[in-house]
Structure formats: C-alpha cells, structure tokens
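Q: Fold the following.
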Amino acid sequence: MSATNINRRQFLKAMAGSAGLALAIGACAPAAPPAAPQPAAKAEPTQPPKAAPTEAPKAQPASKEPVDLQVWWRINPTVEGALSVFQKENPNIKIALGDLGEAVYGTPKYVTAVAAGKGPDVAYQNRHTFGQFASRKLYRPIEDLMKRDNIKKEDFMAGPIQDLTWQGTLYGLPHTAGTRFWFWNRKHFQEAGLDPDKGPTTWEEIEEVAPKLNKKTGDKFNRYGFLPNFPPGLSDQLLIWAMENGGSSMDPEGRTVTIDSDPWVEALTWCVNCIDKYAGGYSSAASFMEGFSGQPVDPFAQGLVSMCSYGNWMIDQYSRFPDLDYFGAGAMPVPAKFKDKKVNWSCGWTFVIDPNTKLVEEGWKLIKWLEGPEYVRAAGTVGLDLTTKDWERQKLPGKPIFAPTPPVYKPAMEVMEKEYYSKLPDREKKLMALYLESENYAVGCGKIAGLAAAELWTGFKNAWEAALTKKNTPKEALVNAKKDVQTALDTAWKERG
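A: Below is the predicted model:
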C-alpha cells in the first residue's frame, strides 16, 4: 500500500467477493483467509435451503402527476441537502422525510406501520435485522427491478448483498457498510516507551501495555490505558470480543443460540477482569464515561483513553482533531492462541421498498439515485461544507479533512475514491485502506443475527450490563440472555415453516 495513495485495486477489492462475509456462522472463528476453516462444508447459518426467487407484484407505471413519496431515514443536514438535489432533478416527486426511529434493537415504528398497511414508501433499514424482517415479507422483493434495469449484484460488495437475500430473493439495496476498528494514541505509546506505530494485536499485549498507559493521581485515574466497555453507546461490544475469541452466535443451521458457549463466557470474563485490574473497577470506569455524556468530543479524542475498540466511521471523526496523534487497524486484537488471524464483523444500512406501496417506480427511482454517484456528490458537497464550517468555527489548522464512510456500489465507490479519498492526508488514506481490507474478511451481521436479530442484539446488551455491573457472573448473564433469544428464534422458525 502506497503511503500517499489508496491503490484503486485494493479500494475495489472489497466488492469483488469477500470470503469472510460469506462464511457461515459456524465457520466464523477468528481466521486469516489462508488459515480459515473451509466454509464450503458448512451450511449457511441464517438461510434455509435455496428456494426459487419470490416474485414481486408488478410495479405500476410511474404517475404522470406529482406524488408525495414517504421516506423514513435520518433527518440531518446531509440527508436533507442530498434529497433537495434529487427533488430539483425530479420535480414531480415530492419527498416527505420522516425519522426512522430505533433501528438497531428492533424497528417497532416501521414494523407496526407496515403491518397496518401504512408503512413509508421507502425506508432505511439496518442489515442485522434484515433476515428477520425480509422473511416476514416486510420488504418488497426487488429482483424484477434489478433485472429490468440491468443493475448487477456483482457491482456491490458481496457480503451486504448476501445479507439482504432471503431464500434466493433480494429484498433491498445496501447503501453503506462498516466494520469495527482498533485505535491507539501514538503519543501515549511514545511517552510509555512503546512503539507508536504498532498497536497491540493480542489480548495479552493489551494487558501488558494497559497499565503502562494509565495515569493516576492517587486512586483517581487521569487517563485510562484501556476500557473494554468504551464507548458506552456501543452496547453490542460483547459481540466483537466474543468473535475475537472464536465465538459464534448460532449453530451452522441458525436454529440454536450459542452465546452461552465457552468462547463467549471467556470473552466476557476477560472484559470484566480488565476493568477490575486496569481501570479501577466498573464503578470508577462508568463514572468516568458518564462525565462525557452529551459531549461532542469523546475521551479518546481528548487524549483521556489510550486504546479503544470502535468503528471505521471514527476515522472521519478523529481526523478533525489535529492534536490527536493516533493510528489504527482493521484487524481486531485476538487472544494469543489466535495470533495473526484476522477478525471483524461488518454491518451497515439499506434502502427498502414497502411491500404495499403504490409508488414502486418512484421509490425505486429514488433508491437508484441514492445508490449512485449523484448521491455521493450531493451528500459530499453538503458534508464537506459542514466540515469546512466546523473547521473554521474551531479555528483548526490546515485544510479540512473529510473522510466519509464509503458506499458499497462500484460506480459510487469510484467517485468517492477519485473526488474525496484521493485528497485525504497520508494517515487517513492508510486508515481507509485498512478499513476496506477488513471488509474482505469481516463476517456480515446478517449471518450473525439470523431470524431473532432484535432479540439477539438486546441479549448482547443485557448480558454485557449484567456482567459488568456484577449483577450476574458472565456465565449466568449469558445463560439468561440466551433464553429469550432462543425462544424468539424457535418462534421465528416455527412461523416460517
């Protein structure tokens, strides 16, 4: 990898077919591609045997009269600015933008609306719950539209397309993707006599350097070397730690929940012990993080945490702090027994069409536009303008750095690379290249989640909180979480025959 350019071949490699994303859950033990278990011998964990594609109802011709298209997404300046460009180009389609609401621990607003026949024409959905909802026919199949308009699946990242397919039928188009990312503060490493260019790659190395990075006045921590429960907003942190330890959420058939198995118990126990040994216990660490609640700048950005397991989207956020000397890796730290094996998981957002809408053509036209180069340029223009204004407001030195998460559609990715990534500073180019590489071995969240995704993510959250607060032992917390998830999974399979 060049120090000054993102190699185009590597940039697009993430779309060519990512082996890690295609692996079955049973084959998701941390592994570099050469040493990974053979996925061909495993069944897909969340997909039953392939069936003939579901036929969608024929789309009605686009209306010749102006229409109001209901779109549930996120309401922010970038979205609103991009949609205004679409509306100028398509004056007969008036966008009525509504907020999607909760979409990680279930999407009650969307599910309730569609079940009542009052869903939005187009909606933004998280990929981890996709199989759960597509299997309930809450999205319109789009195979017919793809074929008619000659849109090729191979022009998208392979993993997201697989996550959005149920029984051989595609139910949505992926818009973004993202993986977990490991960050460390180079300045802190230098101060502690550590190599600033090489972050820990194993759990044992984390434990070795964490106390060297801590700073204390008496019993009070002025800086934490490592907090496994940072950031507090990521309640599914348990998932990445368990995967690093060889854990999988379900059996290869996607019918039995396995979050109470040894890899999960060991991972949660390790996290609890790290907080006790290197962070003064949960109460101290939790109190520290609560002090940053509602603040726009997190403790890592402020130099108060030296290492963190976060997400690739923070590459852009952390680039806005010129005094923050940091680097990172897309391959997450693993126990020494899995040393050199690459582990990550990928998720992202998707556009879907309501199965009951009469405005299929108008909704599909919008989705195609949002997937393509036009949206990248429109959103990029707004995003760069907002970044520039924020840069000027804070009187930051140098030129504004704008490193948005890449899209997953090849034509859009090419524009992103040419018009935005090619202008990034050296560090951000390297970090973005590491992220793109991680998509090649990451496991798709659709494969992880199965038919009880909302319940599984809630289970992650509940087990995490119960163990860290010492309400339950790690084993007890995971056993309790499994019960609700397994009940939901059994019900889901029964309903689907």
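Q: give me the low-pLDDT residue ranges for the stretch 1-150 of the chain?
A: Scanning the stretch 1-150 of the chain with the threshold set as pLDDT under 70 gives 1-64, 105-106.
Q: Try it again at 90.
A: 1-65, 101-112, 115-117, 129, 131 (pLDDT under 90).
Q: State the distance from the closest residue to Gly330 other than its chain neighbours to Gly247.
A: The shortest distance from Gly330 to any residue other than its chain neighbours is 3.0 Å, reached at Ser438 (Cβ to Cβ, 6 or more residues apart in numbering). In this view, the C-beta of every residue, glycine as well, is placed from N, C-alpha and C. Separation of Ser438 from Gly247 (Cβ to Cβ, to the nearest Å): 18 Å.
Q: Spell out the secondary structure type for the residue nearest to Ile353 when sequence neighbours are not counted.
A: Leaving aside its sequence neighbours, Ile353 sits nearest to Arg140 (Cβ to Cβ, 6+ apart; 4.2 Å). For Arg140, the assignment made with DSSP: H, G, I helix; E, B strand; the rest coil gives coil.
Q: Got the phi and psi for Arg140?
A: The phi/psi pair for Arg140 (degrees, to the nearest 10) reads phi -80, psi 130.
Q: State the distance from it to Gly328.
A: Look at Arg140 and Gly328: by Cβ to Cβ, they are 39 Å apart.
Q: So the two - more neighbours on which side?
A: Relative neighbour count places Arg140 above the other of Arg140 and Gly328, with 24 against 21, counting by other Cβ atoms under 10 Å.
Q: can you tell me how far the more buried one sits from Val352?
A: According to Cβ to Cβ, Arg140 and Val352 sit 7 Å apart.
Q: repeat for Asn90
A: 20 Å.
Q: and if you look at Lys368?
A: Distance from Lys368 to Val352, by Cβ to Cβ: 14 Å.
Q: Tell me which of those two has more neighbours.
A: Ranked by neighbour count (other Cβ under 10 Å), Lys368 and Val352 place Val352 first, with 27 against 17.
Q: Quick check, central residue of the protein?
A: Cys347 (3.5 Å; Cα atoms, centre = their mean).
Q: Give me the buried positions along stretch 309-325.
A: For stretch 309-325, a neighbour-count test (16 or more other Cβ atoms under 10 Å) marks 309-321, 324 as buried.
Q: Now do that stretch: distance from first to last residue.
A: Stretch 309-325 has its terminal residues 17 Å apart, counting by Cα to Cα, to the nearest Å.
Q: Let me see the mean pLDDT of that stretch.
A: In this model, stretch 309-325 has an average pLDDT of 92.
Q: gap between that stretch and the chain center?
A: On the basis of Cα atoms, centre = their mean, to the nearest Å, stretch 309-325 is displaced by 16 Å from the centre of the chain it belongs to.
Q: swap in stretch 174-191?
A: Centroid displacement of stretch 174-191 relative to its chain, using Cα atoms, centre = their mean, is 14 Å.
Q: quick revisit: for the residue nearest to the residue nearest to the centre of the chain when sequence neighbours are not counted, give me the pLDDT.
A: Excluding the flanking residues, the one nearest Cys347 by Cβ to Cβ, 6+ apart is Cys445, at 3.7 Å. Note for Cys445: predicted pLDDT of 92.
Q: Assess the claim that Cys445 and Arg127 are in contact.
A: Yes - between Cys445 and Arg127 there is a contact under Cβ atoms under 8 Å: 5.4 Å.
Q: So for the two, which residues contact both of them?
A: With contacts defined as Cβ atoms under 8 Å, 6 or more residues apart in numbering, the residues shared by Cys445 and Arg127 are 163, 347.
Q: Tell me how far Lys368 lies from Asn273.
A: Lys368 is 50 Å from Asn273, by Cβ to Cβ.
Q: And for Trp364?
A: 52 Å.
Q: Of the two, which one has the most company?
A: Counted by other Cβ under 10 Å, Trp364 and Asn273 do not tie: Trp364 has more neighbours, with 23 against 13.
Q: any idea how far the closest residue to that one other than its chain neighbours is from Ser319?
A: Distances taken as Cβ to Cβ, 6+ apart place Leu145 nearest to Trp364, at 5.3 Å, with adjacent residues excluded. For Leu145, the distance to Ser319 equals 37 Å [Cβ to Cβ].
Q: Verify the contact between the residue nearest to Ile353 and Tyr171 for me.
A: Yes - between Arg140 and Tyr171 there is a contact under Cβ under 8 Å: 7.2 Å.
Q: list the residues that contact both of these two?
A: Jointly contacting Arg140 and Tyr171 under the rule Cβ under 8 Å, 6+ apart are Val352.
Q: what sits against Ser309?
A: Residues near Ser309 by Cβ under 8 Å, 6+ apart: 180-182, 228, 230, 237, 240-241, 332-333.
Q: rerun at 6 Å
A: Contacts for Ser309 (Cβ atoms under 6 Å, 6 or more residues apart in numbering) come out as Trp182.
Q: give me every residue that touches Ala463.
A: Residues in contact with Ala463 (Cβ under 6 Å, 6+ apart) are 477-478, 481.
Q: Identify, from those residues, the entry nearest to Leu434.
A: Of all the contacts of Ala463, Leu434 sits closest to Leu478, with 31.3 Å by Cβ to Cβ.
Q: for the closest one, helix, strand, or coil?
A: helix.
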